[in-house]
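In: build me a structure from this.
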Amino acid sequence: NDITNLIADFSDYDNCYPLFLTRGNINHDSYEDVIITFEIDTPQDGIEAYGNSRVTLILFGSKDGYVKYGEVEGLITSNGGLFGKPIVSTNIDNGTISISQYGGSAWRWNVISTYQYDKTDKRIYLIKQETSNYHNVSPVQDTLQTVVSHFEEKIDILDKPDYQNSQISKTVSKTLGKST
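Out: Prediction:
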């Protein structure tokens with residue numbers, strides 16, 4: 001199966017085009033799983049959704065092909081700043097999904113989100129997020145700020161990613177660096 005056919009077969013979205021596909025084993029079985037990221041060419045409601053035009057589709061491999069775990073809009077942002085959409089990389093390693101996003105212009109930012117498959121719940125949860133930002137015009141060491149958050153409560157990968165802007169009561173965060 002190629003990426004376009006997988007999107008057509010499993011996605012709820014129309015009018016989209018693929019960006020990339022990542023292969024690996026998410027759910028600790030003997031089948032290869034995939035994460036497909038694509039952009040919505042024309043948003044479903046006809047209005048361009050600021051920052052939410054990328055969709056992530058997660059498929060688990062099975063003896064009969066693939067089974068849809070789910071898809072979520074906005075997990076990978078399309079809002080990168082003045083220089084366009086962010087640079088994104090995804091990785092799957094032994095049940096762990098890592099999504100790295102980098103963007104911005106004068107103010108640069110980076111977000112690395114780490115998700116882990118829970119064998120008991122058979123769900124994928126956010127376990128760690130590292131965010132960094134710095135002012136590109138100033139020396140990095142003067143403006144770099146990094147926050148590392150470890151999530152104790154279960155945040156499902158398929159939930160709308162509003163956790164980035166809300167306070168989560170059982171989050172352990174550590175701020176590294178300094179800001180001006």
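In: Ile26 belongs to a strand, doesn't it?
Out: No - per DSSP: H, G, I helix; E, B strand; the rest coil, Ile26 lies outside any strand segment and is coil.
In: residues near Tyr17, how many?
Out: Applying other CB atoms under 10 Å, we find 11 other residues in the vicinity of Tyr17. C-beta here means a position set from N, CA and C on the backbone, and glycine is covered the same way.
In: quick check: it vs Trp109, distance?
Out: 25 Å (CB to CB, to the nearest Å).
In: ends of stretch 75-82, what's the gap?
Out: With CA to CA, to the nearest Å applied, stretch 75-82 spans 20 Å between its terminal residues.
In: actually stretch 96-114, sorry about that
Out: OK, stretch 96-114 end separation, CA to CA: 7 Å.
In: for that stretch, which positions count as buried?
Out: For stretch 96-114, burial by neighbour count (16 or more other CB atoms under 10 Å) applies to 96-97, 99-101, 103-104, 108-114.
In: could you export those to a markdown table, including columns for distance to Ser11, pLDDT and secondary structure?
Out: Output for the buried residues of stretch 96-114, formatted as a markdown table (distance: CB to CB, whole Å; pLDDT from 0 to 100; DSSP: H, G, I helix; E, B strand; the rest coil):
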| residue | distance to Ser11 | pLDDT | secondary structure |
| --- | --- | --- | --- |
| Thr96 | 24 | 97 | strand |
| Ile97 | 18 | 97 | strand |
| Ile99 | 18 | 95 | strand |
| Ser100 | 23 | 94 | strand |
| Gln101 | 21 | 92 | strand |
| Gly103 | 24 | 89 | strand |
| Gly104 | 29 | 87 | strand |
| Arg108 | 32 | 88 | strand |
| Trp109 | 28 | 90 | strand |
| Asn110 | 28 | 92 | strand |
| Val111 | 24 | 93 | strand |
| Ile112 | 26 | 95 | strand |
| Ser113 | 21 | 93 | strand |
| Thr114 | 25 | 95 | strand |
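In: what is the nearest of those to Ile157?
Out: Among these, Ile97 lies closest to Ile157 (CB to CB), at 7.4 Å.
In: so what's the closest one up against?
Out: Taking CB atoms under 8 Å, 6 or more residues apart in numbering, we find Ile97 in contact with Ile26, Ile35, Thr90, Asn91, Thr114, Tyr115, Gln116, Tyr117, Ile124, Ile157.
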